[in-house]
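Peer 1: The following block contains a protein sequence and its predicted model.
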Amino acid sequence: MTIKNPKPHPQWYSPETGIYSSTFPNRYVPSDPFLDVVSFIFSHKHRGFSALIDSSTGSSISYPELYPLVQAMASGLYHSMGVRQGDVVLVLLPNSIYYPIVFLGIASLGAIATTMNPLSSTPEIKKRITDCNASLAFSAAEKVDTLQALGVPAIGVPDNVNLDRKKTSFSAFYKLISGDFDLPPKPVIKQQDTVALIYSSGTTGVSKGAMLTHGNFIAMVELFIRFEASLYPYEAVDNVHLAVLPMFHIYGLALFVLGLFSVGSSIVVVKKFDLNEVMKAIDRYKVTHFPLVPPILTALTTKAKDSGGSSFKSLKQVSCGAAPLSSIKVVEDLKQALPHVDFIQGYAMTESAGVGTRGFNTEKIRNYTSIGLLAPNTQAKVVDWNTGSSVPPGSTGELWLRGPGIMKGYLNNVEATMATVDKDGWLHTGDIVSIDHDGYIFVQERLKEIIKYKGFQIAPADLEAVLISHPEILDVAVTAILDEKSGEIPVAFVVKKHGSKLSEAAVIDYVAEQVAPYKKVRKVVFTNSIPRSAAGKVLRRQLRSNMASRL
């Protein structure tokens, strides 16, 4: 059948190569091979004043104070703790106004920061230390002894700037940032040098350390933060961002630890999400931008509807990412409650250093269900997962990304690297998408196995390793089911050994004792067998289908 007058392909799509280019013009990204991300961030001049504000106490760090504190941290680490270029430092911290100081101080020495959820269990921390050979750690006070017992010197970082300054348990931290040390010799840092090890499950399997370089983060700052700031008529220095997203996650790290400092925005830091505290912070500090994840969006929308929007007058934009929205109704409710607020979604991966897509609404196009348009300097392919061939706009396939944000690889794991980033530099995301004729991208589902619980990544293989160690479990598989409040929850399919009287509660408790709270199994299904392929791979889609039929 011949189609008359088929719709021509847009200029940003090549039918010959199957490559989608960004609908935006390329931006200049520094090519100097000897450039580090800290120098790049602070090379930008602006009139920003308040850099970081603690939401609960009002304690703040101004822009004139910020870079000297980073330099002081680097000096203290070099002279007092012996940190050198290439050393790995574990950052096991909740959000605080000191988090960026710690991270940037490490980075400016040419050392490598590996960030981790502060709620991680002792076995998880031990595994991370062993995997990346961390030689020093920053943590909350209650984790210092645990880290010391694992053979890693640890520095306690205060929660409350005003009260904790007098406590001896934080004297080592305050000594580091005292400014009493000479500046260290400036290391020769290359853009290709690793600056962060951010652990991710990628498209499959257990957590792996994504090696992100100074160049990756320089590209992120330019193609995500500075580019987005250029799209709007208001100045970025007048923006006030609420930092509820965890700074150890690539989403929070990109915004609140790195990128926003280059444009002079203020960052109001929230240690732990509490809706009432968030509302107070928005009102008290006149927050304009609120980046969040779907569960927080749901809570915010409910509150906005109940209050009639009276507490959110300062808000200009709400942006959602880290996990797919399970319902578009929440967006419709938000727009009805807060019609003055611009709502967008975005998409990126740890492996792309936070560079991917970003929503952008215009007078003509308002695609609230889309994850947005490709970032500048970024290419994509949509690939049929059965044939491996690229497909045109309007068709569905796996999203591949290529650009300057793509990681160097996984630490000590060539096989996993090659399975994720091919020889031509394409990052195989595992996400099934379609791209419309305006360039907007829509996520359909995921090929990958990763579970997204409230925006946090959970690798099924990690939970399976814990479960199979139970003496009464013969076989096990973990997958996700959709959950309105959390996005997805992990469900364990368990084959009990003959004669076992193991209960669902016992299985849930067994896992909870060994993993961080967000990783807990939320439901257990006892079954006679686990569906597997001929190669032994768990057929998780079949498990999800079985689960759906039970609901």
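Peer 2: Cool, the structure landed. Numbering: from 1, shown residues only.

Peer 1: low-confidence ranges in the stretch 251-400 of the chain?
Peer 2: Low-confidence segments of the stretch 251-400 of the chain (pLDDT under 70): 308-310, 324-327.

Peer 1: Quick one: the helices in it, in order.
Peer 2: Listed in chain order, the helices of the stretch 251-400 of the chain (DSSP state H, counting those that start in this stretch) span 275-285, 294-307, 329-337.

Peer 1: Of those helices, which stretch is the most buried?
Peer 2: Most buried of the helices of the stretch 251-400 of the chain by mean neighbour count (mean count of other Cβ atoms under 10 Å) is helix 294-307; its value is a mean of 19. Where C-beta positions appear, they are placed from N, C-alpha and C, glycine not excepted.

Peer 1: Report the inter-axis angle for it versus helix 329-337.
Peer 2: Computed by axes from the mean of the first three to the mean of the last three Cα atoms, to 10 degrees, the angle separating helix 294-307 from helix 329-337 equals 30 degrees.

Peer 1: going forward, begin numbering at 714 instead of 1
Peer 2: Got it, first residue is 714 now, which makes that one helix 1007-1020.

Peer 1: Now do helix 1007-1020 against helix 988-998, angle only.
Peer 2: Orientation of helix 1007-1020 against helix 988-998 (the same axes, to 10 degrees) gives an angle of 70 degrees.

Peer 1: mind saving the C-alpha coords of helix 1007-1020 as CSV?
Peer 2: Output of helix 1007-1020 as CSV, limited to C-alpha atoms (Å, rounded to 0.1, in the frame of the first residue of the first chain):
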residue,chain,number,x,y,z
PRO,A,1007,6.4,11.4,41.5
PRO,A,1008,5.5,10.5,45.1
ILE,A,1009,6.4,14.0,46.2
LEU,A,1010,4.4,15.4,43.3
THR,A,1011,1.4,13.5,44.4
ALA,A,1012,1.7,14.8,48.0
LEU,A,1013,2.3,18.4,46.8
THR,A,1014,-0.8,18.2,44.5
THR,A,1015,-3.0,17.0,47.3
LYS,A,1016,-1.8,19.8,49.6
ALA,A,1017,-2.2,22.4,46.8
LYS,A,1018,-5.8,21.3,46.2
ASP,A,1019,-6.6,21.3,49.9
SER,A,1020,-5.1,24.8,50.5
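
Peer 1: and that helix, how far out from the chain's middle?
Peer 2: 22 Å (Cα atoms, centre = their mean, to the nearest Å).

Peer 1: Quick one: the strands in the stretch 964-1113 of the chain, in order.
Peer 2: Applying DSSP state E, counting those that start in this stretch to the stretch 964-1113 of the chain gives strands spanning 979-982, 1002-1005, 1030-1033, 1055-1060, 1070-1071, 1086-1087, 1092-1096, 1109-1115.

Peer 1: and the third one, what other elements does it pack with?
Peer 2: Pointing back at strand 1030-1033 there. Using 3 or more Cβ pairs under 8 Å, 6 or more residues apart in numbering; DSSP states H and E, the elements in contact with strand 1030-1033 are strand 1002-1005, helix 1007-1020, strand 1055-1060.

Peer 1: possible to save the helices of the stretch 964-1113 of the chain as CSV with distance to V783?
Peer 2: Compiled in CSV, the helices of the stretch 964-1113 of the chain are given as follows (distance: least, Cβ to Cβ, whole Å):
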stretch, distance to V783
helix 988-998, 23
helix 1007-1020, 29
helix 1042-1050, 37
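
Peer 1: Once you drop chain neighbours, what's closest to W1098?
Peer 2: In space, and not counting its chain neighbours, W1098 is closest to E1111: 5.0 Å by Cβ to Cβ, 6 or more residues apart in numbering.

Peer 1: Provide the count of other residues in contact range of that neighbour.
Peer 2: Using other Cβ atoms under 10 Å, E1111 has 21 other residues around it.

Peer 1: ok, now Y741?
Peer 2: 8.

Peer 1: hang on, the earlier thing: so how far is F883 from the residue nearest to W1098?
Peer 2: The gap separating E1111 from F883 is 48 Å, by Cβ to Cβ, to the nearest Å.

Peer 1: same question, W1113
Peer 2: W1113 sits 46 Å away from F883, taking Cβ to Cβ as the criterion.

Peer 1: Comparing these two, which residue is more hemmed in?
Peer 2: Set W1113 next to F883 and count neighbours by other Cβ under 10 Å: W1113 wins out with 25 against 18.

Peer 1: Tell me who's in contact with that one.
Peer 2: Counting by Cβ atoms under 8 Å, 6 or more residues apart in numbering, W1113 makes contact with A1093, K1094, V1095, V1096, W1139, L1140, H1141, T1142.

Peer 1: cool, and P836?
Peer 2: Applying Cβ under 8 Å, 6+ apart, one finds that P836 lies in contact with Q1227.

Peer 1: Is it within a helix or a strand, and which one?
Peer 2: According to DSSP states H and E, P836 maps onto helix 835-845.
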